[in-house]
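J.: only the shape, not the letters, is given here:
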């Protein structure tokens, strides 16, 4: 054969080898994509099998609500991110197998087998990690039937260690290539440079607060009842909250006008009763308050930078309209309900609390209702950029944590105990969450001149004895000799001195008694103290504006500044403080409400805004909700509550707060000792036509 012929054969053989080489590469990719496609189908089938309740609930929602097309971009984005994550896994395993094969000088066929084995081991590791870190995940429940929790942790440790070794070997093989080594050096340099810039940026965090214009920080923790804190004598461990309270002025008998988050916070920000500002139930659309006279709007005009942050927005529509420059929350709207609950897949679960999770799965990142994957520190990370930047204005920062809201569980904390135990453990975790936030404020120099208000928007009733202040032993009968039902008989499951949830019963003082404490940092002298006497969340706005010498024309509360500074120590009995309940279907009156039942009872009241996709109460249903409300007037040492029995009349319940005695007959001698007529007239004057005929009045 001639030299030229030999060259042609050589080229042909090399070309054929090149084609075989790439064909084998393509075949490995094909196998990995095929396996991943089968895994996706398995994920979908297992999800459907384990999510009958969720899918049934979604069917109910879709049937009763007009779901607008504006929700589709969010849904499409979610599906695309799920696809990208699964595709990224394919290429990760492909690269890992290729590099390991080269390191051990394996043939292409052997590399294919290595790739398939790595893919299987990776999926097993993924499922084990999901089971260990997110025990309430649907996939964790399924795999938990196969692998016990302890065994899952052992296997996860072994497989993770194996993958770490394989990954390091792959990196070593990659760096043996000169071009890869150069690229790695460049990437490492860029990473170090970025880290340096970030540290420089963090070191320039400054505060513009002064003694006359301090930073104002309101820290709200949902559903915290004071009697569950160590400061008030409880055995529950809340060391950080207790320490704060010991350094603060604490108002031990505070009340909230309505024990639900949205109405309570609107009352805090407006200083007005729900009856006046219009936020009389969650998801209220038609509010009547002056947007220019809210606390953040007034502070905004006074030169403050205003921020509101919360990890739960499903039933609260607080946004920039209230006078906030920044809103730090998960995305608000229908997709929060849909995607925040839907997103329970192994890949996304393990990514959601990472830096990438904020962008890949925004409806789950730092979102308390997505309790399966909610990590308390993730929400704090969402706040960090706004805390760490240089502030050229004093800061008004209002933040609300919902960790202590039902179902009281979060990522890594499985729901395997009673609601009471879950609540206590959630309170301990919230204690740590508040401590961490205060440390971050301190690190960024925001506590040097500041006023910090610690509060809960309301308390929580857990069907404990005394959760309703109607002790059956202290009942005073009138013409009605027996103790009545407070609700229709079909709903009367708890005893007469018990209640459940919050915003469900005006005589459930464990629901209407929040935490309220003020602490000054480098602003003025303060005598830490516990002050009894009736105050309310309505007093926060006038207290702050009085300190700043700013006018406040729209308010129902009073300034507490003299009590905080020590000028006054005794709070006189506040006349006529009014409270009311929210929309309370039977399914809500439980320490363990079922989502399906709640939706079935409440779905007819809700509509979706086609532009914003937010959920609001239908205007046609507002009157029906108002007719179902309970009302109460606290006057001196008495409280008169009105319970609607039907559209025509309401049952009165009169309670002496000192003795605990109570009656439902206002004609008894006991009732004649009380300012009954005054309280009844006050309720009728304040609530107008909402108060109908009162029995035995």
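T.: That came in fine, so what should we check first? Just so you know, these numbers come straight off a predicted model, no measurement behind them.
J.: from here on, just use CA atoms for contacts and neighbour counts.
T.: Will do.
J.: which outside residues touch stretch 139-159?
T.: With CA atoms under 8 Å, 6 or more residues apart in numbering as the test, stretch 139-159 has contacts from 46-47, 121, 125, 127-132, 134-135, 345-346.
J.: spatially, which two of these are the most separated?
T.: Maximum pairwise distance among those (CA to CA): 21.5 Å, between 47 and 121.
J.: so between the two, which is more surrounded?
T.: Neighbours around residue 47 and residue 121, counted as other CA atoms under 10 Å, are more numerous at residue 47. The numbers are 19 against 16.
J.: confirm that one sits in a helix?
T.: Yes - per DSSP: H, G, I helix; E, B strand; the rest coil, residue 47 lies within a helix segment.
J.: which among the contacts of stretch 139-159 count as buried?
T.: For those, a burial check counting by 16 or more other CA atoms under 10 Å picks out 47, 121, 125, 127-132, 134-135, 345-346.
J.: and those, which of them are in helices?
T.: With helices taken from DSSP state H, the overlap with those comprises 47, 121, 125, 127-132, 346.
J.: would you mind giving those residues as a markdown table with pLDDT and distance to residue 435 added?
T.: Below are these laid out as a markdown table (pLDDT from 0 to 100; distance: CA to CA, whole Å):
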| residue | pLDDT | distance to residue 435 |
| --- | --- | --- |
| 47 | 79 | 37 |
| 121 | 95 | 40 |
| 125 | 96 | 34 |
| 127 | 95 | 33 |
| 128 | 95 | 32 |
| 129 | 95 | 29 |
| 130 | 94 | 28 |
| 131 | 93 | 29 |
| 132 | 93 | 26 |
| 346 | 94 | 31 |
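J.: for residue 404, see how far away residue 305 is.
T.: Counting by CA to CA, to the nearest Å, the gap from residue 305 to residue 404 is 28 Å.
J.: got it, and residue 654?
T.: Separation of residue 654 from residue 404 (CA to CA): 31 Å.
J.: residue 476: how many residues sit nearby?
T.: 20.
J.: what's the closest non-adjacent residue to it?
T.: Distances taken as CA to CA, 6 or more residues apart in numbering put residue 663 closest to residue 476, at 5.0 Å, once the chain neighbours are dropped.
J.: partner residues bridging that neighbour?
T.: Here residue 663 sits in beta bridges with residue 654, going by DSSP bridges.
J.: same question, residue 631
T.: Counting by DSSP bridges, the residues bridging with residue 631 are residue 580, residue 642.
J.: burial count for it?
T.: Here the count is done by other CA under 10 Å, and residue 631 has 24 residues near it.
J.: hang on, it packs against residue 651?
T.: No - with contact defined as CA atoms under 8 Å, residue 631 does not reach residue 651; the gap is 10.6 Å.
J.: list residues touching both of those two?
T.: Shared contacts of residue 631 and residue 651 (CA under 8 Å, 6+ apart): 642-643.
J.: am I right that residue 250 sits in a helix?
T.: No - membership of residue 250 in a helix is not supported by three-state DSSP, which gives strand.
J.: how close does it get to residue 515?
T.: 8 Å.
J.: same question for residue 153.
T.: Distance, residue 153 to residue 515, by CA to CA: 40 Å.
J.: between the two, which one's more packed in?
T.: Set side by side, residue 153 and residue 515 show more neighbours around residue 515, with 30 against 17, by other CA under 10 Å.
J.: which residues does that one contact?
T.: 224-226, 251-252, 254, 454-459.
J.: please tabulate the residues you listed in JSON lines, including the columns pLDDT, distance to residue 436 and secondary structure.
T.: Listed next are those as JSON lines, based on pLDDT from 0 to 100; distance: CA to CA, whole Å; DSSP: H, G, I helix; E, B strand; the rest coil:
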{"residue": "224", "pLDDT": "97", "distance to residue 436": "18", "secondary structure": "coil"}
{"residue": "225", "pLDDT": "96", "distance to residue 436": "21", "secondary structure": "coil"}
{"residue": "226", "pLDDT": "97", "distance to residue 436": "21", "secondary structure": "helix"}
{"residue": "251", "pLDDT": "96", "distance to residue 436": "24", "secondary structure": "strand"}
{"residue": "252", "pLDDT": "95", "distance to residue 436": "25", "secondary structure": "strand"}
{"residue": "254", "pLDDT": "96", "distance to residue 436": "26", "secondary structure": "strand"}
{"residue": "454", "pLDDT": "98", "distance to residue 436": "14", "secondary structure": "strand"}
{"residue": "455", "pLDDT": "98", "distance to residue 436": "16", "secondary structure": "strand"}
{"residue": "456", "pLDDT": "98", "distance to residue 436": "17", "secondary structure": "coil"}
{"residue": "457", "pLDDT": "97", "distance to residue 436": "20", "secondary structure": "coil"}
{"residue": "458", "pLDDT": "97", "distance to residue 436": "22", "secondary structure": "coil"}
{"residue": "459", "pLDDT": "97", "distance to residue 436": "23", "secondary structure": "coil"}
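J.: would you check that residue 410 makes contact with residue 374?
T.: Yes - between residue 410 and residue 374 there is a contact at 5.4 Å, judged by CA under 8 Å.
J.: which residues do these two both contact?
T.: residue 368.
J.: gap between the two ends of stretch 135-152?
T.: First-to-last residue span, stretch 135-152, CA to CA: 11 Å.
J.: list the buried residues of it.
T.: Under 16+ other CA under 10 Å, the buried positions of stretch 135-152 are 135-140, 143-144, 149, 152.
J.: returning to what we had before: quick one: which of the buried ones among the contacts of stretch 139-159 is nearest to residue 310?
T.: Nearest member of these to residue 310, counting by CA to CA, is residue 134, at 22.4 Å.
J.: just to check, that closest one is in contact with residue 411?
T.: Yes - assessed by CA under 8 Å, residue 134 is found in contact with residue 411 at 5.3 Å.
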